[in-house]
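J.: sharing a model prediction with you, sequence too.
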Amino acid sequence: MKKHLSVITEFGMITIATIIIAAGVFFFLVPSTVSVGSISGLAIVIGNFIPLPISAITMILNVALLIIGFIFIGREFGAKTVYTSILLPAVIGVYETLFPNFTSITQDPFIDMICYLFTVSVGLAMLFNRNASSGGLDIVAMLLNKFLHMELGNAMSTAGMVVAVSSIFVSDIKIVIYGILGTYLNGIVVDHFIFGLNPRRRVCIVSDKEEEIRHFLLEELHSGATIYEAIGAYTMEPRREILAIVDKHEYGKLMTFIEKHDPDAFVTVYPVNKVMYKPKQPSRFRE
């Protein structure tokens, strides 16, 4: 029962995220005519040559890319990507029916683009945090990564820039520049919403209060830690370094504890974008 409820909750959140993304596309991207690097942006360009609704063109492109992805990449997308790829154009179609002949709220392409970036970035962050995506250019990026050995981030930017530049055939140079700028900003804003709201940090600690810090991490923060053997280059004396991955709230508590109990500790901090692990069963020590 709990498993079914979890799946329902998961797909419910994915549905809400997709509705938010579709709203950004319909209410801000389409009226602005700015082709920000996305499948929806490409659909806007193609819509100038093919008399079909943006939702229909987006659906055709997404289905075509899903088929190509299944052939050349495999089933790595999962049910979530298939679901969002089909749901996104369907929701845009609902907006087209509810708001026919919709025009820009702001009457300014640049402001429309900014509103689109923030709206869509919230939805994309919700999807990425649930190991889902909106399909489209994500699949193109995976293809470039597999066959041209490009890093996934660079592949995503490359595919997006190609789409943005394609608007030169239907828009003036100002709109093209907006699209290129929007594509660049889109990656920054998405990263902010994914990693900036609850950033994780890799904290490395060398301290004479090693046992107290280790106990604080395990018992107070309920966090894990790894201990490495190290040798100081100046004294050549053996030391031990504690490494822990903590979130924003844990980081503040940990630094306060270290400053209070060992202000002379040597601490280095690094940002962490992603953590993958399988939670361990509680040990006897922690019981």
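T.: In hand now; what should we look at?
J.: please enumerate the strands of this protein.
T.: Here the chain has its strands, by DSSP state E, at 200-206, 226-231, 238-246, 266-272.
J.: tell me what the second one is packed against?
T.: To tie it back to what came earlier, the one meant is strand 226-231. Applying 3 or more CB pairs under 8 Å, 6 or more residues apart in numbering; DSSP states H and E, we find strand 226-231 packed against strand 238-246. C-betas here are computed from N, CA, C, even on glycine.
J.: can you pull the pLDDT of the closest residue to Thr15 other than its chain neighbours?
T.: In this structure, Thr15 finds its nearest non-sequential neighbour in Leu87, 6.7 Å apart by CB to CB, 6 or more residues apart in numbering. Here, the pLDDT recorded for Leu87 equals 89.
J.: now swap in Val272 and tell me
T.: Val272 is assigned a pLDDT of 81 by the prediction.
J.: nearest residue to it other than its sequence neighbours?
T.: Setting aside the residues directly before and after it, Val272 is nearest to Arg200 in space (CB to CB, 6+ apart), at 4.2 Å.
J.: which residues touch that neighbour?
T.: Residues near Arg200 by CB atoms under 8 Å, 6 or more residues apart in numbering: 245-248, 271-272, 275.
J.: next one: it from Asp247, what distance?
T.: Using CB to CB, to the nearest Å, Arg200 is found at 5 Å from Asp247.
J.: what's the answer for Ile20, then?
T.: When distance is defined by CB to CB, Ile20 is 24 Å away from Asp247.
J.: more crowded one of these two?
T.: Applying other CB atoms under 10 Å to Ile20 and Asp247 shows that Ile20 carries more neighbours, namely 20 against 15.
J.: apart from its chain neighbours, what residue comes closest to that one?
T.: Nearest one to Ile20, counting by CB to CB, 6+ apart, is Gly123 at 3.7 Å.
J.: tally of neighbours for the one you found?
T.: When neighbours are counted by other CB under 10 Å, Gly123 registers 25.
J.: in contact with it, which residues?
T.: Counting by CB under 8 Å, 6+ apart, Gly123 touches 17-21, 24, 134.
J.: how far away is it from Ile16?
T.: Here the distance between Gly123 and Ile16 works out to 8 Å (CB to CB).
J.: check Ser167 too.
T.: Ser167 is 30 Å from Ile16, where distance means CB to CB.
J.: so which of those two has more stuff around it?
T.: Ranked by neighbour count (other CB under 10 Å), Ser167 and Ile16 place Ser167 first, with 25 against 12.
J.: can you pull the pLDDT of the more buried one?
T.: For Ser167, the predicted pLDDT is 79.
J.: with the one 4 residues further on instead?
T.: Listed pLDDT for Ser171 reads 74.
J.: please apply the same query to the one 4 residues further on.
T.: As predicted, Ile175 sits at a pLDDT of 78.
J.: my read is that it contacts Leu29, right?
T.: No: the pair Ile175 and Leu29 fails to qualify as a contact (CB atoms under 8 Å) at a distance of 11.9 Å.
J.: more neighbours: those two, which one.
T.: Between Ile175 and Leu29, counted using other CB under 10 Å, Leu29 has the larger neighbour count: 27 against 19.
J.: so how far is Gly37 from the closest residue to that one other than its chain neighbours?
T.: For Leu29, ignoring the flanking residues on the chain, the nearest one in space by CB to CB, 6+ apart is Tyr116 at 4.6 Å. From Tyr116 over to Gly37 the distance is 12 Å, taken as CB to CB.
J.: mutual contacts of the two, please.
T.: Listed as contacting both Tyr116 and Gly37 by CB under 8 Å, 6+ apart are Gly182.
J.: okay, now the unreliable bits of the chain?
T.: The chain contains residues with pLDDT under 70 at 1-4, 35, 74-78, 131-132, 151-154, 187, 190-198, 273-274, 276-287.
J.: gap between the residue of the chain most remote from its centre and Phe72?
T.: Farthest-out residue of the chain from its mean C-alpha position, per CA atoms, centre = their mean: Thr235, at 44.3 Å. From Thr235 across to Phe72, the span is 56 Å (CB to CB).
J.: now do the helices in this protein.
T.: Along the chain, counting by DSSP state H, helices occupy 2-24, 30-32, 39-46, 54-72, 78-98, 109-128, 137-147, 152-166, 173-191, 210-215, 248-261.
J.: good, wrapping up.
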